[in-house]
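*Asks:* what shape does this take:
(one chain, ligands or ions: 2)
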Amino acid sequence: MTKLRIGIAGISGRMGQLLVEEIAAAGAELSGGTARRGAAGVTVFPDADALFAASDVVIDFTIAAAAEGHAAAAARAGKPFILGTSGLSPAQEAAVEVAARSVPLVYSSNFAPAATVLFALIEKFSAALPPEQFDAEIVEMHHRQKVDAPSGTAVMMGQAVARGRGKTLAEVGMESGRDGHTGPRATGPIGFAALRGGQVVGEHTLLFAGRSEHVSLTHRSFDRRVYATGAVQAAVWAARQQPGLYSMRQVMGIA
Ligand SMILES: NC(=O)C1=CN([C@@H]2O[C@H](COP(=O)(O)OP(=O)(O)OC[C@H]3O[C@@H](n4cnc5c(N)ncnc54)[C@H](OP(=O)(O)O)[C@@H]3O)[C@@H](O)[C@H]2O)C=CC1
Ligand SMILES: O=C(O)C1=N[C@H](C(=O)O)C[C@H](O)C1
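*Replies:* Ligands and ions are numbered 1, 2, ... in the order given. Reported below is the predicted structural model:
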């Protein structure tokens, strides 16, 4: 049986290096990757088009500015695409949605299984805890190298809170990085705070703060390999799908 050939955009990165190992562990074949300064021991292609030509599926953990072009390259090649990069702007996400009209595209800012389950739970909590009674606040902490804030996972948590309340995140609003004379907290918007320091892999807490009680939901990653395992699982799954934009919840079969 021929092995699934998986390529990695950003093969030299923290996630890219772990993906090399997880692709082998899954019994798939590494086609190679892209890396602007090269990478030892793997095939490095000159650009994304060459990477897609040599791959059955490509996984992207790069930066937002590059991810949009990689999604377009997926559409040109007609190959499934797994997008883990966070921090995309609304315009960049719109470009990803366009690409997903012609190829299977799994997009998630967190491929860890327990985080994926948590998004589903958050919707249920939020549907039962109305904004007039419970303020939703999200606090995240990451390693000092992280370049985007709030994290993609924090945004996905916010989206899940909004969905549970029958709205989009844009409709409920985000209050990010409060500073100075902010006035009292508004009813409805979701608060976001980002801490950066050391080598924290990823910690996220969603707090529902009511007048007389609080409930908080926390996810902690101790090893970023958990994301690489999930992304490879998504790649194997996407290779069998029709074109469309998919979530990790769909990959895992979580309603
Ligand atoms: N969805 C999830 O589960 C997870 C998502 N992430 C996200 O994945 C992304 C990458 O994280 P991480 O691996 O820690 O980051 P790194 O900085 O370690 O790696 C980023 C990679 O992107 C490449 N890159 C940078 N700029 C460009 C560019 N302009 N064009 C092409 N490639 C580029 C770099 O390669 P080079 O410089 O060699 O070209 C490098 O290999 C982040 O957005 C992060 O938030 C991280 C963990 C889990
Ligand atoms: O940059 C990281 O490291 C991580 N990024 C993702 C995010 O932005 O949520 C996932 C995880 O938190 C690690």
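*Asks:* contacting residues around the residue in the stretch 151-255 of the chain that ligand 1 sits nearest to?
*Replies:* Relative to ligand 1, the nearest point of the stretch 151-255 of the chain is Tyr227 (3.5 Å; C-beta to the nearest ligand atom). Placement of C-beta: from N, CA and C, glycine included. Neighbouring residues of Tyr227 by C-beta atoms under 8 Å, 6 or more residues apart in numbering: 15, 18, 84, 110-112, 221.
*Asks:* phi, psi of it?
*Replies:* Phi and psi for Tyr227, reported as degrees, to the nearest 10, are phi -70, psi -40.
*Asks:* which ones among the contacts of Tyr227 map onto helices?
*Replies:* Among those, the ones falling in helices (DSSP state H) are 15, 18.
*Asks:* now for the contacts of Tyr227, which pair is the farthest apart?
*Replies:* Leu18 and Asn110 (14.8 Å; C-beta to C-beta).
*Asks:* with neighbour numbers in mind, choose between the two.
*Replies:* Ranked by neighbour count (other C-beta atoms under 10 Å), Leu18 and Asn110 place Asn110 first, with 26 against 21.
*Asks:* what about Gln133, neighbour count?
*Replies:* Around Gln133 there are 13 residues (other C-beta under 10 Å).
*Asks:* and it, that's in a strand?
*Replies:* No. Looking at Gln133 with DSSP: H, G, I helix; E, B strand; the rest coil, it is coil, so not inside a strand.
*Asks:* got the contact list for it?
*Replies:* Counting by C-beta under 8 Å, 6+ apart, Gln133 has contacts 210-211.
*Asks:* what's the distance between it and ligand 2?
*Replies:* When distance is defined by C-beta to the nearest ligand atom, to the nearest Å, Gln133 is 28 Å away from ligand 2.
*Asks:* look up how far ligand 1 lies from that residue.
*Replies:* Gln133 is 32 Å from ligand 1, by C-beta to the nearest ligand atom.
*Asks:* and the residue with the largest distance to the centre of the chain, what helix or strand is that in?
*Replies:* Residue farthest from the centre of the chain, counting by C-alpha atoms, centre = their mean, is Ser212 at 33.8 Å. Ser212 belongs to no helix or strand when elements are defined using DSSP states H and E.
*Asks:* next one, pLDDT for the residue sitting nearest the centre point of the chain please.
*Replies:* Taking C-alpha atoms, centre = their mean, the centroid of the chain lies closest to Ser109, which sits 0.9 Å from it. pLDDT, Ser109: 98.
*Asks:* would you mind listing what in this structure touches ligand 2?
*Replies:* Proximity of the chain to ligand 2 (C-beta under 6 Å from any ligand atom) is limited to residues 86, 109-110, 142, 146, 151-153, 202.
*Asks:* those strands in the stretch 1-150 of the chain, which residues are they?
*Replies:* For the stretch 1-150 of the chain, the strands defined by DSSP state E, counting those that start in this stretch occupy 5-9, 29-34, 57-60, 81-83, 104-107, 135-142.
*Asks:* so what's Pro130 up against?
*Replies:* Contacts of Pro130 by C-beta under 8 Å, 6+ apart are Arg165.
*Asks:* could you do Ser86 as well?
*Replies:* Per C-beta under 8 Å, 6+ apart, neighbours of Ser86: 64, 109, 148, 151-153, 155.
*Asks:* what about ligand 1: which of those touch it?
*Replies:* Okay, of the contacts of Ser86 touching ligand 1 (C-beta under 6 Å from any ligand atom), that's 109, 152.
*Asks:* how about JSON lines for the contacts of Ser86, with distance to Ala28 added?
*Replies:* Shown next, in JSON lines, are the contacts of Ser86 (distance: C-beta to C-beta, whole Å):
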{"residue": "Ala64", "distance to Ala28": "26"}
{"residue": "Ser109", "distance to Ala28": "23"}
{"residue": "Asp148", "distance to Ala28": "29"}
{"residue": "Ser151", "distance to Ala28": "28"}
{"residue": "Gly152", "distance to Ala28": "25"}
{"residue": "Thr153", "distance to Ala28": "26"}
{"residue": "Val155", "distance to Ala28": "29"}
